[in-house]
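Asks: predicted model follows, preceded by the sequence.
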Amino acid sequence: MKNIFIISSVLFSITLLSWLLFVFFVKDPKEIEEKPSPISEIQEKEEPKETSSPFQIFSDFPILSPLLSEDGSSIFGYHKETSTLYSLNVESGEKKVLQDTQLTNPLIALWAKDPRISILKTSPQKNAEYFLVDSNSQTTTPLPSNITYLNWDNLSEKIIFIQRKKPEEILFSTAKPDGSEPKELLTITEKGRISLIPVPQSPAIAYWPQSANTKISPLFHINLSSGTKTEIFSGRYGGDYLYSPDGEKILLSWSPEKNSSKLTLALLNKYGGQYKDLGLPTLVSKCAWGKNTVHIYCAVPTGIPQTAVMPDDYLNGKVSTVDSLWKINVETGKKERVVELSDIKETFDVTNIFIDASEQFLYFTNKSTNILYKVKLP
């Protein structure tokens, strides 16, 4: 019995010694100190995954009148507060100062074919409201103070400007970009303001009375060579127009009911015919043409008060909109969302909308902040 006890004690001592040697000299102490958490604990500790927004901020400053370069590599625009001219690389977002104009309170930029040259409208200063900004030569030239409004011709060789000789008369003239060598074209009778743009792929400019709910806005062309005027479309109430890049099609937004908040979008051919309702309640200022002129991309307003009068209250800043984004085939009428409603977590009042050269991205500024956003197209 005594021998059994001794043998047992020896075996126990050997076992204990072996265990101690294993713990202190063989097994990694970290394996003892760090016990893996149960699966349930890991699941509880996992952070919820953040869903990335489809709306990417592209400019870190408020940008005025952004423009995509013809080669699609850069976006040009003025700083809304400092009037500094910038270019932003489309791929990297890197911004470059092109010119500090030393002007204040910029309102709108009108771009030449070379966007390093533009005309900037500001509040009155230096005895002018319009300034020719040439970042190639780093010059800022004030234009004549009697110019009421202007735009470029298609080749950016001349400007077309208007002057109001009498309250009910508007004189159209052409001049060099700096306002020199003016040449009169024709005089029209029009009491209110007008919109004025070059007609794509044409030696003409288009004008129409500024959109107003209770006023018909017919569309006219003026031939820059002969100075003759032609009515293209007899107009609609609250009419506003947007030409396709090839000049073959025209978008029209208008007000189907007087003194109401209703809007509708339609399509015309370049002669003002073949009217086609697209069934979209929006403004052409919230639309952009795709590169093939088959698709348009539009921001569609929601939440407009029924008491609002459109487009007047929007143009006058009395109401803002909360917009959703759509892609529309103008030939088939097919509509699809660019961004699903469930993915829109912010509110946007879309303006300055345009599409990149590859038609892969949509850009716009939020009217309340002038910040430029980028959205991947479906």
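Replies: Structure's in. What do you need? Numbers count the residues shown, from 1 in each chain.

Asks: for the stretch 51-200 of the chain, just list every one of the strands.
Replies: 55-57, 63-68, 74-79, 84-89, 95-100, 106-111, 117-125, 128-134, 139-142, 149-152, 159-166, 169-175, 183-189, 194-198 (DSSP state E, counting those that start in this stretch).

Asks: right, and residue 183 touches residue 174 too?
Replies: Yes: using CB atoms under 8 Å, residue 183 is in contact with residue 174, at 5.1 Å. Where C-beta positions appear, they are placed from N, C-alpha and C, glycine not excepted.

Asks: tell me which of those two has more neighbours.
Replies: residue 174 (19 against 11; other CB atoms under 10 Å).

Asks: what's the spacing between that one and residue 275?
Replies: 32 Å (CB to CB, to the nearest Å).

Asks: low-confidence ranges, this protein, go.
Replies: 1-51 (pLDDT under 70).

Asks: let's see 50
Replies: Residues of the chain meeting the criterion pLDDT under 50: 1-8, 10-12, 14-17, 19-50.

Asks: show me where it has its helices.
Replies: Remark: helices assigned in the chain by DSSP state H are 2-21, 29-33, 39-45, 312-315.

Asks: hmm, who's touching the last one?
Replies: So the one you mean is helix 312-315. Helix 312-315 is contacted by residues 211, 212, 213, 238, 283, 301, 304, 308, 318, 319, 320, 321 when judged by CB atoms under 8 Å, 6 or more residues apart in numbering.

Asks: show me the contacts for the first one.
Replies: By CB under 8 Å, 6+ apart, the contact set of residue 211 is 195, 217, 238, 239, 240, 253, 311, 312, 315.

Asks: ok, the third one - how many residues close by?
Replies: The one in question is residue 238. 28.

Asks: tell me which two of the contacts of residue 211 sit farthest apart.
Replies: Greatest spatial distance in the contacts of residue 211: 195 and 312, 14.5 Å, computed using CB to CB.

Asks: verify the stated contact: residue 378 with residue 340.
Replies: No: the pair residue 378 / residue 340 is not scored as a contact, 9.7 Å apart, by CB under 8 Å.

Asks: correct me, but residue 346 touches residue 54?
Replies: No: Residue 346 is not in contact with residue 54 according to CB under 8 Å; the separation is 10.4 Å.

Asks: these two - which one has more neighbours?
Replies: Set side by side, residue 346 and residue 54 show more neighbours around residue 54, with 16 against 9, by other CB under 10 Å.

Asks: so who does the more buried one touch?
Replies: Here residue 54 is in contact with 339, 343, 375, 376 (CB under 8 Å, 6+ apart).

Asks: any idea how far residue 111 is from residue 343?
Replies: Residue 343 is 32 Å from residue 111, by CB to CB.

Asks: residue 295: what's it in contact with?
Replies: 289, 327, 328, 329, 330, 359.

Asks: wait, residue 367
Replies: 320, 349, 350, 351.

Asks: what about 10 Å?
Replies: 286, 314, 317, 320, 321, 323, 348, 349, 350, 351, 352 (CB atoms under 10 Å, 6 or more residues apart in numbering).

Asks: distance of it from residue 317?
Replies: 9 Å.

Asks: next: residue 123.
Replies: Applying CB to CB to residue 123 and residue 317 gives a distance of 16 Å.

Asks: good, wrapping up.
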